[in-house]
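> based on what follows, work out the 3D shape:
(one chain, ligands or ions: 1)
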Amino acid sequence: MKELFDKMYINTSSSFYEKVFANLSNNQKMFIVTANPETFMKAEENVELKKMLLDKDTTVVPDGIGIVKAARILGYSVKERITGIDLTLKLLEYGSELKKTIYLFGAKQEVIDDMKRVLKDKYPNIKLVGAKNGYEKDKDKIFQDIIKKSPDIILVALGIPKQEEIIYKYFNQFKKGIFIGVGGSLDVISGHKKRAPQVFIRLNLEWLYRILKEPSRLKRFYNSNVKFLFHIKKLK
Ligand code: UDP
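Numbering: from 1, shown residues only. Alright, predicted model coming up:
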């Protein structure tokens, strides 16, 4: 697992946003994975996922506080979290500023519908070239459509690791595009789910808020985070 930490971006979120802005301006291709303990734990069992995370074309950023703390325990000077939701909001902002095109793939149809409204109201200069919910069977067909449209920003919300796997599968067929697996971010940005209150975010307890809101996440949390902690202790 150490090699995953080795390649993770450890600088500030603002410096990362600058990099994203520059790549978006210059049509430089990018695949961003926002990592949390679950991502790294899954990569321990899933060879393909690990290969993808270690690929030179993949940029891994520390999304979860668990990853940040673990990295620090292992001696990496990680500055701060770079969350999927903040990155998504930045991409929408930059996309509108630079008049870029965007494709939304994933989440429920009602979330997609409300995202269209959010784009119109808050990011009027971004051009939506495609929007498909994540519950259609033939996901490869949707990616063929994304290839055809060749958007500047591609947000994929299918959950970890499905969203990353499908991006990685087709990434080579694109000449440009900022690709990111956004998990539940569209649910929040569209207003269907609430992000944790500021106090939870400030205290690094966003994960706790999500469990309190959706107790079914507890098992997932145990399987990834608690086991992850033991793993890091062993590594140290
Ligand atoms: N999702 C989807 N198709 C599926 C499974 C999930 O589009 O077959 C969507 C789901 O609606 C949600 C997102 O993927 O918008 C994943 O959300 P979750 O909160 O589980 O992601 P996390 O941020 O925890 O990775």
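> all contacts plus neighbour counts: C-alpha atoms, from now on.
OK.
> what residues does Pro161 make contact with?
Applying CA atoms under 8 Å, 6 or more residues apart in numbering to Pro161 gives the contacts 39, 49.
> give me phi/psi at it?
The phi/psi pair for Pro161 (degrees, to the nearest 10) reads phi -100, psi 10.
> how near is it to the ligand?
Distance of Pro161 to the ligand, computed by CA to the nearest ligand atom, to the nearest Å: 8 Å.
> kindly report the same for Asn225.
Using CA to the nearest ligand atom, one obtains 13 Å as the distance from Asn225 to the ligand.
> which residues touch that residue?
37-38, 66.
> what about those residues, which one has the most neighbours?
Among the contacts of Asn225, Pro37 has the most neighbours (other CA atoms under 10 Å), with 24 neighbours.
> how close does it sit to Ile82?
Here the criterion is CA to CA, to the nearest Å. By it, Pro37 lies 14 Å from Ile82.
> looking at the contacts of Asn225, which is nearest the ligand?
For the ligand, the nearest member of the contacts of Asn225 is Glu38. The distance, counting by CA to the nearest ligand atom, is 8.9 Å.
> might you report the residue contacts of that closest one?
By CA under 8 Å, 6+ apart, the neighbours of Glu38 are 221, 224-225, 228.
> the helix or strand bottoming out on mean pLDDT in the chain - contacts with which helices or strands?
Every helix and strand of the chain was ranked by mean pLDDT, DSSP states H and E. The lowest is helix 217-221, at a mean of 86. In terms of contact count using 3 or more CA pairs under 8 Å, 6 or more residues apart in numbering; DSSP states H and E, helix 217-221 is assigned the packing partners helix 206-213.
> what about the strands in the chain?
Under the criterion DSSP state E, the chain carries strands at the ranges 30-35, 58-62, 101-106, 127-132, 153-157, 178-181.
> which residues of this protein lie near the ligand?
106-108, 133-135, 157-160, 183-184, 187 (CA under 6 Å from any ligand atom).
> the same query, at a cut-off of 5 Å, please.
Taking CA under 5 Å from any ligand atom, the part of the chain that reaches the ligand is made up of 106-107, 134-135, 157-159, 183-184.
> as JSON lines, the residues you listed with pLDDT and neighbour count would be great.
Written out in JSON lines, the entries for the residues of the chain next to the ligand read as follows (pLDDT from 0 to 100; neighbours: other CA atoms under 10 Å):
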{"residue": "Gly106", "pLDDT": "98", "neighbour count": "26"}
{"residue": "Ala107", "pLDDT": "98", "neighbour count": "22"}
{"residue": "Gly134", "pLDDT": "97", "neighbour count": "21"}
{"residue": "Tyr135", "pLDDT": "97", "neighbour count": "13"}
{"residue": "Ala157", "pLDDT": "98", "neighbour count": "24"}
{"residue": "Leu158", "pLDDT": "97", "neighbour count": "22"}
{"residue": "Gly159", "pLDDT": "93", "neighbour count": "15"}
{"residue": "Gly183", "pLDDT": "93", "neighbour count": "22"}
{"residue": "Gly184", "pLDDT": "94", "neighbour count": "20"}
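> Throw these into JSON lines and include distance to Thr58, thanks.
Rendered in JSON lines, the data for the residues of the chain next to the ligand read as follows (distance: CA to CA, whole Å):
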{"residue": "Gly106", "distance to Thr58": "20"}
{"residue": "Ala107", "distance to Thr58": "23"}
{"residue": "Gly134", "distance to Thr58": "23"}
{"residue": "Tyr135", "distance to Thr58": "26"}
{"residue": "Ala157", "distance to Thr58": "17"}
{"residue": "Leu158", "distance to Thr58": "18"}
{"residue": "Gly159", "distance to Thr58": "17"}
{"residue": "Gly183", "distance to Thr58": "17"}
{"residue": "Gly184", "distance to Thr58": "21"}
